[in-house]
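In: Predicted model follows, preceded by the sequence.
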Amino acid sequence: MRRLLAYLALTKPRVIELLLVATIPTMLLADRGSVDIRLILATLFGGWLGAASANTLNCVADADIDKLMKRTAKRPLAREAVSTRNAFVFGVTLGVASFTWLWWQANLLSGVLVVVTILFYVLVYTLVLKRRTAQNVVWGGAAGCMPALVGWSAVTGEIGWPAIALFGVVFFWTPPHTWALAMRYKEDYRAAGVPMLPVVATEATVTRQIVVYTWLTVLTTLILLPTTGVIYAAVAVVAGAWFLLMAHQLYAGVRRGESVKPLRLFLQSNNYLAVVFCGLAVDSVLGWQTLGSLIH
């Protein structure tokens, strides 16, 4: 049982929650007014396999620095609960299974997108960007946005502009979410030699960037208004105002020289994204008249 739990830990189950948050509402929007439970469950399973593969291979690539950081010292490879070779084989097997499953249950495009996600996350973000630039999570975060494209393609067989907009929401949301966590654990990243923005820049600079990306996140959610109804519009505006308020409060506290709690923004940013995507899911299932059609 202990060995099984170690392999499960390699997949980072809590991180995969983002997959559920992004995939289901995207699929419901793509098939607005209808709910194909079989396809949704099949896509979620295939996407879970892909995310588990990427996370496992990330653990393999980051095993050396995970040992140096208190936050990650208990990961399976850091404490040698699983061998590096076995973890690598496990990660590759999950990736192959993900591609095969999605090709079979959805379509080839969905399977290919998952493979691209895995390769980008491991080869581009983990091995290149993460250890070389403070902009690592900005560009590397693109991997976490891919569930929106996978979900849309599973329903339609193509990539539509609403899926790209949802990709953008997660893309712009990732930096403030991750930088808030990195502010809390910047000494860990410094010890591991990872140049996260809070390690190489002042708190004023970091929180100013958090505000900028929070604004970009909220504005991108509004791009979807023509294809959605009043429920999503209301949720996006209210939740967006709440998220912006938290980001501005963090920035203002730093500027005043106060002792701030960036971890609060990190945790609440999860709630923000969940609320917005849940609002999109409810709006899509009900299938009420879209704001775009009302205008025309």
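Out: Received the coordinates, thanks. Residues are numbered from 1 along each chain as shown.
In: G229 touches V285, doesn't it?
Out: No - in this structure G229 lies outside contact range of V285 using CB atoms under 8 Å: 10.7 Å. Quick note: C-beta positions are derived from backbone N, CA and C, even for glycine.
In: For the two, indicate the residue with more neighbours.
Out: Between G229 and V285, G229 has the larger neighbour count (other CB atoms under 10 Å), namely 22 against 17.
In: ranges for the helices of the stretch 51-200 of the chain?
Out: 63-66, 84-105, 108-119, 136-140, 142-156, 161-184, 186-192, 197-200 (DSSP state H, counting those that start in this stretch).
In: Quick one: neighbours of L19, just the number.
Out: L19 has 21 neighbouring residues, counting by other CB under 10 Å.
In: For it, give me its contacts.
Out: L44, G47, W48, A51, P147 (CB atoms under 8 Å, 6 or more residues apart in numbering).
In: if I look at the second one, how far off is F99?
Out: Relative to F99, G47 is positioned 11 Å away (criterion: CB to CB, to the nearest Å).
In: Show me the common contact partners of these two, please.
Out: V114.
In: And the two? Which one has more around it.
Out: For G47 versus F99, neighbours defined as other CB under 10 Å are more numerous around G47 (28 against 22).
In: rewinding a little: as CSV, the helices of the stretch 51-200 of the chain with distance to T214 and mean pLDDT would be great.
Out: As requested, these are exported to CSV (distance: least, CB to CB, whole Å; pLDDT from 0 to 100):
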stretch, distance to T214, mean pLDDT
helix 63-66, 28, 85
helix 84-105, 32, 96
helix 108-119, 25, 96
helix 136-140, 14, 88
helix 142-156, 16, 94
helix 161-184, 5, 95
helix 186-192, 20, 87
helix 197-200, 14, 94
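In: Which of those helices sits closest to A6?
Out: A6 lies closest to helix 84-105 among these, at 9.2 Å (CB to CB).
In: Is G257 in a helix, a strand, or coil?
Out: Under DSSP: H, G, I helix; E, B strand; the rest coil, G257 falls in the coil class.
In: What is the neighbour count of it?
Out: Neighbour count for G257, taken as other CB under 10 Å: 9.
In: Equivalent analysis for W288, please.
Out: Counted with other CB under 10 Å, W288 comes out at 17.
In: same thing with D64?
Out: 11.
In: Please renumber the chain so that the first residue is 34 from this point on.
Out: Got it, first residue is 34 now, which makes that one D97.
In: any idea how far it lies from T89?
Out: On the measure of CB to CB, D97 and T89 end up 16 Å apart.
In: Then G184?
Out: Here the criterion is CB to CB. By it, G184 lies 22 Å from T89.
In: Quick check: closest non-adjacent residue to F78.
Out: Nearest residue to F78 in three dimensions, chain neighbours excluded: W134, at 6.7 Å (CB to CB, 6 or more residues apart in numbering).
In: quick one, what contacts the one you found?
Out: W134 touches A75, F78, G79, L82, G144, counting by CB under 8 Å, 6+ apart.
In: Tell me which two of those sit farthest apart.
Out: So, the contacts of W134 by CB to CB: farthest apart are F78 and G144, at 12.8 Å.
In: out of the two, which sits in the more crowded spot?
Out: The neighbour comparison of F78 against G144 (other CB under 10 Å) goes to G144, with 23 against 15.
In: For that one, which residues are in contact?
Out: Neighbouring residues of G144 by CB under 8 Å, 6+ apart: G79, S131, F132, T133, W134, L135, W136.
In: secondary structure class for the first one?
Out: The three-state label for G79, taken from three-state DSSP, comes out as helix.
In: residues near it, how many?
Out: 26.
In: Do I have it right that it meets N140?
Out: No - using CB under 8 Å as the test, G79 is too far from N140 to be in contact (10.9 Å).
In: Adding distance to E220, write the contacts of W134 out as TSV.
Out: As requested, the contacts of W134 are arranged in TSV below (distance: CB to CB, whole Å):
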residue	distance to E220
A75	43
F78	39
G79	38
L82	35
G144	41
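In: What is the nearest of the residues you listed to P46?
Out: So of these, ranked by how close each gets to P46 (CB to CB), first place is L82, at 12.9 Å.
In: measure that closest one to G124 for me?
Out: Per CB to CB, L82 is found 11 Å from G124.
In: Same question for G286.
Out: Distance from G286 to G124, by CB to CB: 40 Å.
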